[in-house]
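>>> From the sequence below, what's the structure:
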Amino acid sequence: MAYQTRHVTGWVGWVWFAGLLMIMSGVFNIISGLYAVLNSDVYVRMPNRLLFFDVTSWGWAHLVFGIVLFLVGLAVSVGQTWARVVAAILVMLNAMTQLTWIAVNPWWSLAVIALDVLVLYALIVHGREAKVLES
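I've put the predicted structure just below:
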């Protein structure tokens, strides 16, 4: 069996970074979603804000989306090519859902959006470097 030598660059770390941030963002969504489902009366509802559904419905959406983000983040971390494409789409969707959630929980949403921007940078600019991780 012939082995090929592959040159690993420092940019591979950005892809791992993206995968770990996706895992963290997924955990944030899971926590936020569980909290909204279990304690929806704690969130302050403001008039004239962008929230299309009640807090419990958004909580379920964030819970499910957080689980998917977590799983795709794991796949990105181990270098799956398909996961990078799915991850970029999911992270963009996550940022958009956080914009609607911002009326209920502004600081948390801003933190998650900031993480999403870093993940998108890592996946789009340095995603090709993850091919080194594949066998």
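
>>> Grab the nearest non-local neighbour of the most centrally placed residue in the chain.
Per Cα atoms, centre = their mean, the C-alpha nearest to the average position across the chain is that of M22, at 4.0 Å. Once flanking residues are discounted, M22 sits nearest to G73: 3.0 Å by Cβ to Cβ, 6 or more residues apart in numbering. No exception for glycine: its C-beta is placed from N, CA and C like everyone else's.

>>> got the contact list for that neighbour?
G19, L20, L21, M22, I23, M24, S25, G26, A87 (Cβ atoms under 8 Å, 6 or more residues apart in numbering).

>>> so which of those would you say is closest to L123?
Closest to L123 out of the contacts of G73 is A87 (5.7 Å), distances taken as Cβ to Cβ.

>>> what about the closest one, neighbour count?
26 (other Cβ atoms under 10 Å).

>>> host element of it?
helix 81-101 (DSSP states H and E).

>>> Can you give me the pLDDT of I89?
Looking at I89, its pLDDT stands at 94.

>>> Please tell me I have it right and N105 contacts S32.
Yes: here N105 reaches S32: they are 6.8 Å apart, a contact under Cβ atoms under 8 Å.

>>> Which one's more surrounded, the two?
S32 (22 against 19).

>>> Would you enumerate the residues in contact with that one?
G59, H62, G66, W101, N105, W108.

>>> Identify the farthest-apart pair in those.
Farthest pair in the contacts of S32, by Cβ to Cβ: G66 and N105, 13.9 Å.

>>> Would you indicate which residues of the longest helix along the chain are buried?
Ordering each helix of the chain by length in residues (DSSP state H) puts helix 12-38 first. Neighbour counts over helix 12-38 (16 or more other Cβ atoms under 10 Å) mark 12, 14-26, 28-30, 32-33, 35-37 as buried.

>>> do stretch 97-115 as well
97-98, 100-105, 108-109, 112-113, 115.
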